[in-house]
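**Q** how would this look folded up:
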Amino acid sequence: MDVVLELTDTFVTDYLYALALPANPVGLDIPNLANSSERVSSSWKFKTANPYFSFEPSKYAYMSVWDRDNIYRQTITLFLLTWIFGFILYFVFATLSYVFVFDKKTTKHPKYLKNQMWLEIKQANRALPGMSALTTPFWVLEVRGWTKLYDTPAAGPGPTYEILQYPFFILFTDALIYLVHRGLHHPLIYKHLHKPHHKWIMPTPYASHAFHPVDGFLQSFPYHLFPMLFPLNKFASVGLFIFVNFWTIMIHDGEYVAESAVINGAACHTMHHLYFNYNYGQYTTFWDRLGRSYRKPDPDLFLKEKKMSEAQWKLQVKEMEKMVEEVEGEDDRAYEAPVSKKNN
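**A** You can find the predicted model right below:
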């Protein structure tokens, strides 16, 4: 994240902090700073975080009382970066998934909510600032050197680890997310934190980030814990963070292509939204199998002609209503389509 922060400082925030919190210039009037080639006095010295290429900072990097190493400045910038780019990533790729992947017949499902897509977007936008605020301290720890992130393969444990770090990261985070997710279903926690995400019985890609902010952060915590415990290439860290967000969107897209006993794809995750107490894993079914919470998706979900059939929907509704009564008690959702009666 330090490379991202450096680029942001170079092209955006150096100017903003120089304007908002100017330092006392040496022999210059504040209004003339923009027209001067001189620097103000500053003890900060530029040292690039990018071992491959860098941009020499402009004079504005030296013109704020908060230099680039200031922890308050780093915290504010990283919070805004996480919020803004989190929103852009969510909205752009969830929209692409909705337009090109998501099966629109899902909106006719008896358990699709009234105005659901807009409710999902609203919930996500309410959650993103809170999730960003909870995530920011971990970015600050990273950029200030309190993790095991490293710059280049030469600085890491070795060439073999450069490859193994990816499956290791997936296995580690998959295990912890399983534990966190299953814990969020505990009766004392579920209604306070996790129920907002289970409002979506038949989710669209926009449900991918429609969490309670604390819920969303807790399920992302393993990603930030990993580099605190294990070495990780910092460029791999950024790539994996983007991949995690893509994956979260993909398992909510309703396109059931991963008919696999290993991969926890959209079909497995649909089972979780429909029936609550199954398939807590993020990437694989391993931990669900070990914890006896795995539920194999109905084979009909992988057949286009049966996936959205009325018979399939009736089976889903019948069992789902029993699970809602068991987990939540009264169902307080407002559905778009007429709801099947429990005695059907």
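**Q** pLDDT weak spots in the stretch 201-344 of the chain?
**A** Residue ranges of the stretch 201-344 of the chain with pLDDT under 70: 258, 337-344.
**Q** hey, where'd the strands end up in it?
**A** 232-233 (DSSP state E, counting those that start in this stretch).
**Q** ok, which stretches of it are helices?
**A** 213-229, 234-250, 266-275, 286-290, 304-307, 310-327 (DSSP state H, counting those that start in this stretch).
**Q** quick one, the third one and helix 234-250 angle?
**A** So the one you mean is helix 266-275. Relative orientation of helix 266-275 versus helix 234-250 (axes from the mean of the first three to the mean of the last three C-alpha atoms, to 10 degrees): 60 degrees.
**Q** ok, residue 156 - contacts?
**A** 150, 162, 231, 233 (C-beta atoms under 8 Å, 6 or more residues apart in numbering). Every residue, glycine included, has its C-beta placed from N, CA and C.
**Q** what's the single longest helix in this protein?
**A** Secondary structure of the chain per DSSP state H: the longest helix is helix 71-100.
**Q** on contacts alone, who are the packing partners of the helix or strand where residue 135 lies?
**A** Residue 135 belongs to helix 116-143 when assigned by DSSP states H and E. The contact analysis (3 or more C-beta pairs under 8 Å, 6 or more residues apart in numbering; DSSP states H and E) places helix 116-143 against helix 2-8, helix 71-100, helix 213-229.
**Q** figure out how far the shortest one is from the centre of its chain.
**A** Spelled out, that is helix 2-8. Mean C-alpha position of helix 2-8 versus that of the full chain (C-alpha atoms, centre = their mean, to the nearest Å) differs by 20 Å.
**Q** outside of whatever helix or strand comes next after it, which residues touch it?
**A** The C-terminal neighbour of helix 2-8 among helices and strands, as given by DSSP H and E, is helix 14-20. By C-beta under 8 Å, 6+ apart, the residues outside helix 14-20 that reach it are 33, 57-58, 60-61, 63-64, 66, 68, 73.
**Q** likewise stretch 160-172?
**A** Contacts of stretch 160-172 (C-beta under 8 Å, 6+ apart): 153, 156, 222, 226, 230-233, 236, 240, 283-284.
**Q** any idea of the mean pLDDT for that stretch?
**A** The pLDDT scores in stretch 160-172 average 96.
**Q** okay, the spatially most central residue of the chain and residue 208: tell me how far apart.
**A** Centroid-nearest residue in the chain: residue 245, 4.5 Å away (criterion: C-alpha atoms, centre = their mean). Residue 245 is 8 Å from residue 208, where distance means C-beta to C-beta, to the nearest Å.
**Q** shared neighbours of the two, which are they?
**A** Joint contacts of residue 245 and residue 208 (C-beta under 8 Å, 6+ apart) are residue 90.
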